[in-house]
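Undergrad: pasting the sequence and the predicted coordinates here, then a few questions.
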Amino acid sequence: MTRKSWLLFTATSVIWGSSFLFIRLAVEHMPPALVVFGRTVLGAAFLVPLAARQHAFRGVRRVIGPVIAVAVLDMAAPSFLTAWGEEHVSSSVAGILTATDPLFTAVLALWLIRSEVPGRRRTAGLVIGFIGVIALLGIDFRGNATELLGAGAVILSALGYAAAALLYRRWLEDQQAVAVTALMTVISGVIFLPVAAAGLPRHAPTAGSIAALITLGVVNTGVAYWLFYLLIDEAGAATAAVITYLMPVVALFLGVGLLGEPLGIGAIAGLVLIGAGAWLATSQRAPRGRGDEAGPGDQPGPAGRPVRPGTGRGGPTPRSSPPPS
């Protein structure tokens, strides 16, 4: 990669990996619905003018239904579930669990797109990845019901990202990604407006929580998407997809280093096993038979990050869908 590519790659990885830290700080003094509303409105304020300047909204009206469906699965629901989950689990754990997105994408792709039995490589990756989830929940949480509920919410958000990735490929692959993403932020903001208004906190949030929310909206949503599209243009979707595997590492280091979150054996084991399993389950190689042939949705990227038209959402031309978060 060029120096510019490395800078874009590093910046996007750090920004999206830090989302879990800022979500944790925001939900300490604000309800999850307000965090989602504020984040998406601020993100829309950055992305809508950007898409308009590029004349990217042309033709989007005819696919507004699919855009709404993908917005719910890829942004509105996962953003809320992650924020609610981080009220009960650490930001580092949330980052690790969100990395199950590629595993769910591979499973759903086999069900929705491919009819073949998965090859040994993919099967091994799925088994290893989900063993990592079990290790994290079983070792670190030890049956704590509240933490398990929070972890379950984060895992559901990863499932939403995975489903949205496949629906995006089926319905919206020929649309300008910046326009779709801008509309997703607007739709998510509209969805959570009444909920956020009804649940306003009685006391003003702290300056730290407000700053975290502003950072989430402007930097981790608006600027990060813009940098991500620049990275795809500069280095391609395959390179951008690697961010998926770095986000939980960044989340872990920031959570432990800045918030003093405990680093348990389960978190370490989960990070390694989930990352390795996701790589095995989604990595590509030359087709050598029915079970190993690459297919749509085989190579997911960062959760919730749709890629520009022409790069695809999986398979031979990997999509890069985040955030998460």
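TA: Yes, it's here. Numbers count the residues shown, from 1 in each chain.
Undergrad: tell me where the model's unsure across the stretch 151-300 of the chain.
TA: Across the stretch 151-300 of the chain, the ranges flagged by pLDDT under 70 are 284-300.
Undergrad: where along it do the helices fall?
TA: 177-198, 207-217, 224-235, 237-241, 243-259, 265-282 (DSSP state H, counting those that start in this stretch).
Undergrad: what sits up against the stretch of helix or strand residue 124 belongs to?
TA: Per DSSP states H and E: residue 124 is located in helix 120-136. By Cβ atoms under 8 Å, 6 or more residues apart in numbering, the residues outside helix 120-136 that reach it are 93, 96-97, 100, 102-103, 106-107, 118, 151, 155, 266-267, 269-283, 285, 291-292. Placement of C-beta: from N, CA and C, glycine included.
Undergrad: got phi/psi on residue 58?
TA: Here is the backbone geometry of residue 58 (degrees, to the nearest 10): phi -60, psi 130.
Undergrad: go on, the one 3 residues further on?
TA: Backbone dihedrals for residue 61, given as degrees, to the nearest 10, come out at phi -60, psi -40.
Undergrad: what is the burial count for it?
TA: Around residue 61 there are 8 other residues, counting by other Cβ atoms under 10 Å.
Undergrad: contacts only, for it.
TA: Taking Cβ under 8 Å, 6+ apart as the definition, residue 61 has no contacts.
Undergrad: make 45 the starting number, not 1.
TA: Done: numbering now begins at 45, and the last item shifts to residue 105.
Undergrad: distance of it relative to residue 111?
TA: Distance, residue 105 to residue 111, by Cβ to Cβ, to the nearest Å: 9 Å.
Undergrad: turn the helices of the stretch 195-344 of the chain into CSV, including mean neighbour count and distance to residue 76.
TA: Listed next are the helices of the stretch 195-344 of the chain as CSV, based on neighbours: other Cβ atoms under 10 Å; distance: least, Cβ to Cβ, whole Å:
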stretch, mean neighbour count, distance to residue 76
helix 221-242, 21, 9
helix 251-261, 19, 11
helix 268-279, 22, 20
helix 281-285, 22, 28
helix 287-303, 21, 18
helix 309-326, 22, 23
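Undergrad: make a markdown table from those helices and add distance to residue 49 to it.
TA: Listed next are these as a markdown table, based on distance: least, Cβ to Cβ, whole Å:
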| stretch | distance to residue 49 |
| --- | --- |
| helix 221-242 | 18 |
| helix 251-261 | 25 |
| helix 268-279 | 4 |
| helix 281-285 | 7 |
| helix 287-303 | 12 |
| helix 309-326 | 21 |
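Undergrad: burial count for residue 53?
TA: 21.
Undergrad: how about residue 189?
TA: 9.
Undergrad: equivalent analysis for residue 152, please.
TA: Counted with other Cβ under 10 Å, residue 152 comes out at 18.
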